[in-house]
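Engineer: structure for this input, please:
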Amino acid sequence: MKTLKKQGGFTLVEIAIVLVIVGLLLAGVLKGQELIENSKIKNIAKDMDAVSASILSYRDRYRSLPADETGSTIALYGWAANVGAGNNNGLIGAASVDPFGVAAGENVNAFRALRYAGFIGGNPADAGAAARPAHAAGGNMALGNTLWGLSGNVVCLNNLTGKFAGALDRLIDDGVNNTGIVRSSTVAPAAAVAPAAGAYLEATTGYFLCKQL
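Structural biologist: Residues are numbered from 1 along each chain as shown. Now for the predicted structure:
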């Protein structure tokens, strides 16, 4: 008579324990990812505030907005390059022009001037698209004016997901994409009128966001 061998395997209790452990690990990973994203969102908001504060500090020191001076910054301040020669109209760049599509002029030189003056970090010799600072979500910051129904100067971001854009709008403003001091759209900011109303689609990429300074 043959002896039956016991088949090895996991009991229901052991399987339940494994599933609980896996669930806890997954929850920890997701929570960690959420914390990282929230940290990035807060850092971006702080960076926007820092740019605004830097522009105000620059105006207090030099009695002009960065790159808006009519004279040469070489002659005026002894800098290595001229990033002035603006029109002294109190606005950065031309009105209602996509600040991410501009390769020269006040929009770009404003960041260079802030770097020469020591208000923000980075290499002041960087020009064109390279002059625009990066933000924590992998895109860039830009300066412009009279965009999307926002009067005066604005700071803008590109390359945001709908999740990040919506979170920033709710953190800083009213959470509505076409009202308040924050406006956002998947269409580049190149018009004076407010963008079309629309919900923030979290999985959609390519959002732009602008905040009034």
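
Engineer: leaving out chain neighbours, which residue sits closest to the spatially most central residue of the chain?
Structural biologist: Nearest to the geometric centre of the chain sits residue 157, at 3.9 Å (C-alpha atoms, centre = their mean). Excluding the flanking residues, the one nearest residue 157 by C-beta to C-beta, 6 or more residues apart in numbering is residue 209, at 4.8 Å. In short, each C-beta sits where N, CA and C put it, glycine included.

Engineer: show the contacting residues for that neighbour.
Structural biologist: 156-157, 160, 165, 168-169, 182-184 (C-beta atoms under 8 Å, 6 or more residues apart in numbering).

Engineer: tell me which helix or strand it sits in.
Structural biologist: In the assignment (DSSP states H and E), residue 209 maps to strand 207-212.

Engineer: helix/strand/coil for the residue nearest to the centre of the chain?
Structural biologist: Under DSSP: H, G, I helix; E, B strand; the rest coil, the three-state class of residue 157 is strand.

Engineer: ok, now residue 151?
Structural biologist: strand.

Engineer: quick check, pLDDT for it.
Structural biologist: Looking at residue 151, its pLDDT stands at 96.

Engineer: could you do residue 18 as well?
Structural biologist: On the pLDDT scale, residue 18 gets 73.

Engineer: quick check: the gap between the residue nearest to residue 157 and residue 82.
Structural biologist: 31 Å (C-beta to C-beta, to the nearest Å).

Engineer: then residue 175?
Structural biologist: 42 Å.

Engineer: and what of residue 54?
Structural biologist: From residue 54 over to residue 82 (counting by C-beta to C-beta), the distance is 20 Å.

Engineer: the two: which is more packed in?
Structural biologist: residue 54 (20 against 16; other C-beta atoms under 10 Å).

Engineer: which ones are touching the more buried one?
Structural biologist: 114, 119-120 are the contacts of residue 54 under C-beta under 8 Å, 6+ apart.

Engineer: of those residues - the most surrounded one?
Structural biologist: residue 114 (25 neighbours).

Engineer: any chance of the backbone angles for it?
Structural biologist: phi -60, psi -30 (degrees, to the nearest 10).

Engineer: I'm done for today, thanks for sticking with me.
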